[in-house]
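**Student:** take this sequence and fold it.
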Amino acid sequence: MIGSRFVDVSGHMEMPFYRRFGAKLITRLVNGSAKNGVRDSQSGFRAYSREALERLNVNEAGMGASVEILLDAASMI
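**Tutor:** Down below sits the predicted model:
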């Protein structure tokens, strides 16, 4: 499960335009590569099952890990 900073009941999000643009661009690229429907690939609000944690092989550090996890998970489907 991945939370999204772009889903807000009030329709308002407090994030500078350049960061919102960058996050949405990265999400679009990841969704195109992984064929998944993630709304915010850079969101840090995530929950994983025990099985997912055991199967994922993450090598990247920092923010690169979030994209690597999505691409790795998509390859397992």
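**Student:** any low-confidence regions in this protein?
**Tutor:** 8-13, 34 (pLDDT under 70).
**Student:** distance between stretch 59-75 and the chain's centre?
**Tutor:** With C-alpha atoms, centre = their mean, to the nearest Å as the basis, stretch 59-75 stands 9 Å off its chain's centre.
**Student:** tell me the buried residues in it?
**Tutor:** 66-70, 72-73 (16 or more other C-beta atoms under 10 Å). Yep, even glycine has a C-beta here, placed from its N, CA and C like the rest.
**Student:** please apply the same query to stretch 3-22.
**Tutor:** 4-5.
**Student:** excluding chain neighbours, what is closest to Asp40?
**Tutor:** Ser4 (3.9 Å; C-beta to C-beta, 6 or more residues apart in numbering).
**Student:** distance check, Ser66 against Arg46.
**Tutor:** Distance of Ser66 to Arg46, computed by C-beta to C-beta, to the nearest Å: 8 Å.
**Student:** ditto for Pro16
**Tutor:** Taking C-beta to C-beta, one finds Pro16 at 23 Å from Arg46.
**Student:** equivalent analysis for Ala74, please.
**Tutor:** On the measure of C-beta to C-beta, Ala74 and Arg46 end up 15 Å apart.
**Student:** ditto for Tyr18
**Tutor:** Taking C-beta to C-beta, one finds Tyr18 at 24 Å from Arg46.
**Student:** top helix in the protein by residue count?
**Tutor:** In the chain, taking DSSP state H as the definition, the longest helix is helix 17-34.
**Student:** for that one, packing partners?
**Tutor:** helix 64-75 (3 or more C-beta pairs under 8 Å, 6 or more residues apart in numbering; DSSP states H and E).
**Student:** secondary structure class for the residue most central in space within the chain?
**Tutor:** Centroid-nearest residue in the chain: Ser41, 2.0 Å away (criterion: C-alpha atoms, centre = their mean). Local secondary structure at Ser41 is given as coil here, using DSSP: H, G, I helix; E, B strand; the rest coil.
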